[in-house]
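Asks: return a 3D structure for these sequence lines:
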Amino acid sequence: MDSQTQFDSQALLIQLQSLAEEVWTLAKTVEGNSLELLAVLRLLEQLHQDIRDSLFQQSLPDNRQQLYHLLREIESKGGWPYIPRNSLKSVMENWQRESPEVGLEEE
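Replies: Down below sits the predicted model:
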């Protein structure tokens, strides 16, 4: 890795860390408010999709050597970025598991 690429990566890392701290601080300010936390998560998911479907797709390598380098990077640094989405069913199952008395009141 040349020094310019390393410098650019370090600058990007600092920016990403700052951004992560801002998002975390925002989430902490609405802690306990599920609707506002949901809005934060939805925005993050939308940004992920937008970046992946436009900028990232356009930046994919067009030769084998660059593709090999990208795949090695993905493999060595933790795989493909993915934001899983909970289904309503799994949320309800977790909620009922944690609050078994809720179902008993309705009977």
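Asks: and the helix or strand that contains residue 17, how far from the chain's centre?
Replies: According to DSSP states H and E, residue 17 maps onto helix 3-29. How far helix 3-29 lies from its chain's middle: 14 Å, per C-alpha atoms, centre = their mean, to the nearest Å.
Asks: in the helix or strand just after it, what counts as buried?
Replies: If you walk from helix 3-29 toward the C-terminus, the next helix or strand you reach (DSSP H and E) is helix 34-50. Buried positions in helix 34-50, judged by neighbour count with 16 or more other C-beta atoms under 10 Å: residue 40. Bear in mind the C-beta positions are built from the backbone N, C-alpha and C, glycine included.
Asks: also stretch 16-32?
Replies: Buried residues in stretch 16-32 (16+ other C-beta under 10 Å): none.
Asks: tell me which residues are up against the helix or strand residue 68 falls within.
Replies: In the assignment (DSSP H and E), residue 68 maps to helix 64-76. Helix 64-76 is contacted from outside by 60, 61, 80, using C-beta atoms under 8 Å, 6 or more residues apart in numbering.
Asks: in strands, which of the residues you listed appear?
Replies: Among these, no residue falls in strands (DSSP state E).
Asks: now those residues as JSON lines including neighbour count?
Replies: Below are those laid out as JSON lines (neighbours: other C-beta atoms under 10 Å):
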{"residue": "60", "neighbour count": "9"}
{"residue": "61", "neighbour count": "12"}
{"residue": "80", "neighbour count": "7"}
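Asks: tell me the least confident of the residues you listed?
Replies: Across these, the smallest pLDDT goes to residue 80, namely 75.
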